[in-house]
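Colleague: Build me a structure from this.
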Amino acid sequence: MKRRVLFLCETNGVQSAMAEAFLIMIGSDHFDPISAGTSPGRLHPLTVQVMEEVGIDLSQQIPKHVKDLGGKEFDYVITLDENSRRVRQKSPRAEEIHWQLDEPVLMSGDPERQLRAFRIVRDQISRRIRLFVIANVRPPGKSLSAA
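Modeller: Below is the predicted model:
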């Protein structure tokens, strides 16, 4: 049975959209991810660009509001910014996790620096997703230490 994961950020236009896409790519055999925002905006063009660089097409993704999830239950709720951490989706049985990530939109007015900031956040999310899958897919009772 797949475990349901909600990625939550303020706009659903940067971090949570990236996290959902990576978990679909890396762990869709074990997880059913969805992303949403606490006050959704639009998908940032640099989000689309940097994800395309790693072979993921987000050009058709439409940001969702957490209120539009219709009371769905989740096994994990992962918040990706301070705002979503404060107003997160309440899911009684969900394990709540917070990943503090930079906000690349606010990093710089210089286009090249901002693009680098988006790439850095993308790569941080990719690594965290890979670790999340490793930590949550291993068989029960198995440790990560080598014998």
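
Colleague: mind listing what the most centrally placed residue in the chain touches?
Modeller: Note on the chain: the residue nearest the mean C-alpha position is residue 19, at 2.6 Å, using C-alpha atoms, centre = their mean. Going by C-beta atoms under 8 Å, 6 or more residues apart in numbering, residue 19 touches 7, 33, 35, 78, 80, 125, 128, 129. All C-beta atoms are positioned from the backbone trio N, CA, C, and that covers glycine.

Colleague: so the second one, which of the three states?
Modeller: At residue 33, secondary structure determined by DSSP: H, G, I helix; E, B strand; the rest coil is strand.

Colleague: Verify the stated contact: it with residue 20.
Modeller: Yes: using C-beta atoms under 8 Å, residue 33 is in contact with residue 20, at 4.7 Å.

Colleague: residues shared between the contacts of those two?
Modeller: residue 7.

Colleague: Check which helices and strands the biggest helix by length in the chain sits against.
Modeller: As assigned by DSSP state H, the longest helix anywhere in the chain is helix 111-137. In terms of contacts (3 or more C-beta pairs under 8 Å, 6 or more residues apart in numbering; DSSP states H and E), helix 111-137 is packed against helix 15-27, helix 45-52.

Colleague: Which secondary structure element of this protein has the lowest mean pLDDT?
Modeller: helix 82-86 (a mean of 81; mean pLDDT, DSSP states H and E).

Colleague: Output the contacting helices and strands for it.
Modeller: Contact analysis of helix 82-86 by 3+ C-beta pairs under 8 Å, 6+ apart lists strand 3-9 as its packing neighbours.

Colleague: Can I get the strand it packs on in CSV? Just the C-alpha atoms.
Modeller: Listed next in CSV are the C-alpha coordinates belonging to strand 3-9 (Å, rounded to 0.1, in the frame of the first residue of the first chain):
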residue,chain,number,x,y,z
ARG,A,3,1.9,6.0,1.7
ARG,A,4,0.4,9.4,1.0
VAL,A,5,2.7,12.4,1.3
LEU,A,6,1.7,16.1,1.3
PHE,A,7,4.4,18.6,0.5
LEU,A,8,3.3,22.1,1.6
CYS,A,9,4.7,25.5,0.9
